[in-house]
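Participant: Fold the following, please.
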Amino acid sequence: MAELMENEVVRAFSTYAVIVVVKMLLMGPLTSYNRFARGSFSNEEDVARKSSEEKKQLLKTHPDVERVRRCHHNDLENIIPFVIVGLLYALTGPELSVALLHFRIFAGARIFHTIAYIGALPQPSRALSWVVGMLVTFSMAYRVLNTVLFL
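Facilitator: The predicted model follows:
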């Protein structure tokens, strides 16, 4: 493992993978914050100590909470494939400058996607950032398949 971490591309990948994974992990606390701030809970046990009347008011959805949840779900759908494909890509020995371009564009696209989603920026801002991130992952996947295709 120590030898692998001497590889600059693997180190660069590790850096950007951790950045986007931490960004994704922060969506959980952001969801919780919005639940408490908006008084919107989805589980009976979350409001177990409240009166029947309070439970009726608190067991509801709120658009802000759902927006954060959808953003988090989108992160799960995109960041996990990036981490898997990106690691395989890093192991194919790409040029550092090309690899950094891939990693930086993906990280930037995902961070902007979150800003666009949470901030409700007008489309196509969110859609374009999603497409850019997907294209980066597909580009890395193509490199992996082109390098190691073994059928």
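
Participant: Is the spatially most central residue of the chain in a helix, a strand, or coil?
Facilitator: Residue closest to the average C-alpha location in the chain (C-alpha atoms, centre = their mean): Asp75, at 2.9 Å. Under DSSP: H, G, I helix; E, B strand; the rest coil, Asp75 falls in the helix class.

Participant: Now for it: which residues touch it?
Facilitator: Val20, Lys23, Met24, Met27, Arg110, Thr114 (C-beta atoms under 8 Å, 6 or more residues apart in numbering). C-beta here means a position set from N, CA and C on the backbone, and glycine is covered the same way.

Participant: do that again at 6 Å, thanks
Facilitator: Asp75 is in contact with Met24, counting by C-beta atoms under 6 Å, 6 or more residues apart in numbering.

Participant: cool, and Arg126?
Facilitator: By C-beta under 6 Å, 6+ apart, the neighbours of Arg126 are His113, Ala116, Tyr117.

Participant: for the chain, where's the lowest mean pLDDT among helices and strands?
Facilitator: Scoring the helices and strands of the chain by mean pLDDT, DSSP states H and E places helix 52-58 at the bottom, with a mean of 77.
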